[in-house]
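**Q** I would like to see how this sequence folds:
(2 chains)
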Amino acid sequence: MKEVDNLSGDAAMQHLDEMTCLLYIERQLDRARAQDVSAHTEDCATCRTLLHALERESRLLTRAMLEEEEALPARLAQFQERARKSMQWIWTLAFGLAATGVYALYSTYVEPFQTRLQQAGFGSNDLLSLLIFQGAFWKGWRSMVTLLEVLALVTLVGFAVGFFRKRVRRSSALALVLAGFCAALLLQPASAMASETRRGESVVVGPDETIKGDIFLFGERVRVDGTVDGDVFVFGHDVNVNGHVKGDVFGFAQQLRVNGQVDGNVRAFTNTLTITGTVAKNVLTFDEAVNLESSGKIGGSLTIFVENLNLDGTLGKDLLIFAKHLALNGKVNGEIKMKGNTLTINSSAQVAGPISFEGNKEPDVSPQAKLVSPVDFHKMEHKPRYMEGHYYVWQVIWLAAFVLFGLVLFQLMPRFAADAVASAERYGASFGLGVLVFFGVPIAAIIACVTVVGLFVGLASFFVWYAALYFAQIIVGALVGQWLMGHTRETWPLIGRMAVGLIIVRLATVIPGVGGWIKFGVILWGLGAISLALYERFQPTLAANAPSAPYTPPLPPNTTVGGIQQPA
Amino acid sequence: MSAPGKTEPTEAIARARTGDADAWGVLYQEYASAIFRFCRRALPTREDAEDATMDIFAKLMRDNRLLQYDQNRSFTAWLYKVAANHCWDVLRRRKTRQDKETDDLENVPLEHPDPNQLDQLIEQRTSEEVRRALEKLGARARMALVMRYYSDMSYDEIADALGVRRAFVGVVLLRARHQLRQALGQSGALAAGGTS
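**A** As a prediction, this is how the structure comes out:
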């Protein structure tokens, strides 16, 4: 560290080297070494001069760099406004696309479905209010608290607690959430209180009984012989409704027979539904087989998803059917719309409205049948899609839509998108997690929907999952693009790679035969990468670029730091 | 912003972390000038400094890198560190043959200065001459001096930004000072004192 002085003429004196002096004035020496230097400079004028010169040099440097105040160039002064405008453009585009997507979704799927529902007798009620405020799970939830519901509710509360804890980190918000849940549990309509539940292997509402309000029946064999003033909710193997139900019947059963009179609607999920009695309003049902016997009568419309329907009785309004086979012997006072395999209209049939049938075989229509017009038949096309020209046009449109979707997402969430693309390179973890999320989320969403409070979470989860299926393909596209054009985490270069990669991925997914499997694999892979990035984002991590802890070596007296004189 | 003791706009920083555009506006107005001056010292031309300033803030806003900032520490210091990293990236990318020659020179042993001559040299030089001399330095030397004597970065931070071991930072700074002295000596004003 010391060197012999050859400058001052004092040959016997050893002097400090310049590096030691610099480290001393910059407080980078340990205390013992700093004390040595301090002691030496008290006796050595040469080293004292060197220290002094180095300190002055530091101050000169700092002064020179700080002194000249250059005004901010106009280009920089305008930059902020330009950045803001560019963000506005992105947000406008995003909202525009979102609004277009929502409108397209509504007009393509929701509105026709809503119209069908109205035709099926759901009136002015929308589906959600029907499910929530007229549904089985609302009216009787307190009576049918099961382990499943408790678990779903606990999961939901846990999710809400976790969500708010991460974002707000205030106990008041947590209390608010919990209070909201408590209020939701306590505030139920008075009508819900007027319900009754019966359980057992064989459950019966006797012929002399009159139930004031709704009733919930759970059993292997269930019979309703008496009168129910409200709705009947029935879960069982063999169910017979022989009495008089003044409200609606909601049935989940292996066999459901409606032999009596129902003044309201019937909504059923069954294996076999048989109606020999009267349903005053509408029937909506999902079954394997449905028989509307000759004595059976439905006052409203029949909306049905079934394998076989035998319609021998009378239907007051329209028939909307998705079925393998319909055999019509009875009377339909409205129109018939059917999509399925075969349609047989026998001699005793009477239809007051038009009949449209899209199926595989020509309908078998008896000449004796009384029809207001001939059956409008459309044969289903089974030609491979890739044999048609417009298939490729649509593929190009889809590709453009994917690129646009990816552009918006990468702009809105550049860091997350880059993280997801990076996660996709962990092939095993991505693919494994993708399988889990692909199958797990819909199941969890359905479980969440079991409870009324979980319905929104379930539906929201499902929509997010569905959107993620598309995002997954974009992520994999970006990764493929990186393979070809090199890695980057910059947003625009990443978008460029995404566009190139997406073209390749989409081309691979339209290969006849294997394209579907490739698409499935891509979705699993991308979904896993997104999930992995999400998982890692919510893990507490140290900021990579955060400044490290300041080094605080011992402070020698009368020194400078960064050119600023420090007090002794 | 660089004035010691000045209060940092913690509320604007917190809001900017959530993506609040107005808060970003406040931060930009507050810090853009200082970051521009930093870049002006670190990079060869004014245009480079303008581009770098815009890139630094654009990346901060676009990628919301504020999420990486530890709010318990100085925001100014963190921002300087981001700027230093960016400028050093820019300089490394355009590493020229001339820089390579400068790097080779860095392996030459340093001559011990005559304290009196050094003191005299510092006495005679003006801030303007030092600024001109700084522009003649190699990229790493200039960068090191700017980080240490303009933005008061610690040896750890300088080591991190330049990608060198912490123990080597003193050597980098000392060599930078020698290059600066040489540049100052070449300016002609040192004729009266003479150099070794």
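
**Q** longest helix in chain B, by residue count?
**A** helix B:21-42 (DSSP state H).

**Q** Skip ahead from it and say which helix or strand is next.
**A** Beyond helix B:21-42 on the C-terminal side, the first helix or strand identified by DSSP states H and E is helix B:46-62.

**Q** and the next helix or strand after that next one, what does it pack onto?
**A** Next in sequence after helix B:46-62, counting helices and strands by DSSP H and E, comes helix B:75-93. Under the contact criterion of 3 or more C-beta pairs under 8 Å, 6 or more residues apart in numbering or on different chains; DSSP states H and E, helix B:75-93 touches helix B:21-42, helix B:46-62, helix B:139-149, helix B:155-162. All C-beta atoms are positioned from the backbone trio N, CA, C, and that covers glycine.

**Q** For the closest residue to A:Glu201 other than its chain neighbours, what is the enclosing helix or strand?
**A** Nearest residue to A:Glu201, sequence neighbours excluded (C-beta to C-beta, 6 or more residues apart in numbering or on different chains): A:Glu220, at 4.7 Å. Element membership for A:Glu220, per DSSP H and E: strand A:214-224.

**Q** what's the following helix or strand after that strand?
**A** Next element after strand A:214-224 (DSSP H and E): strand A:227-228.

**Q** Tell me where the stretch 251-400 of chain A has helices.
**A** Per DSSP state H, counting those that start in this stretch, the stretch 251-400 of chain A carries helices over the ranges A:389-412.

**Q** Quick one: low-confidence residue ranges for the stretch 351-500 of chain A.
**A** Residues of the stretch 351-500 of chain A that meet the criterion pLDDT under 70 lie in A:382-387, A:449-455, A:488-490.

**Q** And the strands in it?
**A** With DSSP state E, counting those that start in this stretch, the ranges of strands along the stretch 351-500 of chain A come out as A:355-359, A:364-365, A:370-371, A:376-379.

**Q** that older thread, dump the helices and strands packed on helix B:75-93 into CSV; add mean neighbour count, mean pLDDT and distance to chain A as well.
**A** Supplementary listing: the helices and strands packed on helix B:75-93 in CSV, determined by neighbours: other C-beta atoms under 10 Å in any protein chain shown; pLDDT from 0 to 100; distance: least, C-beta to the nearest C-beta, whole Å:
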stretch, mean neighbour count, mean pLDDT, distance to chain A
helix B:21-42, 21, 86, 5
helix B:46-62, 19, 85, 5
helix B:139-149, 25, 91, 4
helix B:155-162, 21, 90, 5
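
**Q** other SSEs contacting the longest helix of chain B?
**A** Where contact means 3+ C-beta pairs under 8 Å, 6+ apart, helix B:21-42 is packed against helix A:74-105, helix B:10-17, helix B:46-62, helix B:75-93, helix B:139-149.

**Q** mind listing what the residue most central in space within chain B touches?
**A** Nearest residue to the geometric centre of chain B (C-alpha atoms, centre = their mean): B:Val146, 2.8 Å. Neighbouring residues of B:Val146 by C-beta atoms under 8 Å, 6 or more residues apart in numbering or on different chains: A:65, B:38, B:41-42, B:84, B:134.

**Q** distance of it from B:Phe168?
**A** Distance of B:Val146 to B:Phe168, computed by C-beta to C-beta, to the nearest Å: 17 Å.

**Q** can you list the residues of the stretch 301-450 of chain A near chain B?
**A** Selection of the stretch 301-450 of chain A residues close to chain B by C-beta under 8 Å from any C-beta of the partner chain yields A:414-415.

**Q** I'd like to know how far A:Phe377 sits from chain B.
**A** 57 Å (C-beta to the nearest C-beta, to the nearest Å).

**Q** Next up, the contacts around A:Gly299.
**A** Contacts here follow C-beta under 8 Å, 6+ apart; on that basis A:Gly299 touches A:278-282, A:316-317.

**Q** Quick check: of these, which has the highest neighbour count?
**A** Using other C-beta atoms under 10 Å in any protein chain shown as the neighbour criterion, A:Val279 leads the contacts of A:Gly299 with 29 neighbours.

**Q** is it true that it touches A:Val266?
**A** Yes: counting by C-beta atoms under 8 Å, A:Val266 is a contact partner of A:Val279 at 5.1 Å.

**Q** For chain B, which element, helix or strand, carries the lowest mean pLDDT?
**A** When each helix and strand of chain B is scored by mean pLDDT, DSSP states H and E, helix B:97-105 comes last, with a mean of 49.

**Q** one step back: can you list residues touching both of A:Val279 and A:Val266?
**A** Residues within reach of A:Val279 and of A:Val266 at once, by C-beta under 8 Å, 6+ apart, are A:Val258.

**Q** Tell me the confidence at A:Arg48?
**A** Looking at A:Arg48, its pLDDT is 89.

**Q** With A:Gln350 instead?
**A** 91.

**Q** and it, bridged to which residues?
**A** Taking DSSP bridges as the rule, A:Gln350 bridges to A:Lys331, A:Lys370.

**Q** now it: how far from chain B?
**A** According to C-beta to the nearest C-beta, A:Gln350 stands 65 Å off from chain B.

**Q** what sits against that residue?
**A** Neighbouring residues of A:Gln350 by C-beta under 8 Å, 6+ apart: A:330-332, A:369-371.

**Q** now swap in A:Val522 and tell me
**A** Neighbour list for A:Val522: A:472-473, A:476, A:505, A:508-509 [criterion: C-beta under 8 Å, 6+ apart].

**Q** Can you flag the buried ones in those residues?
**A** Listed as buried from these are A:472-473, A:476, A:505, A:509; burial here means 16 or more other C-beta atoms under 10 Å in any protein chain shown.
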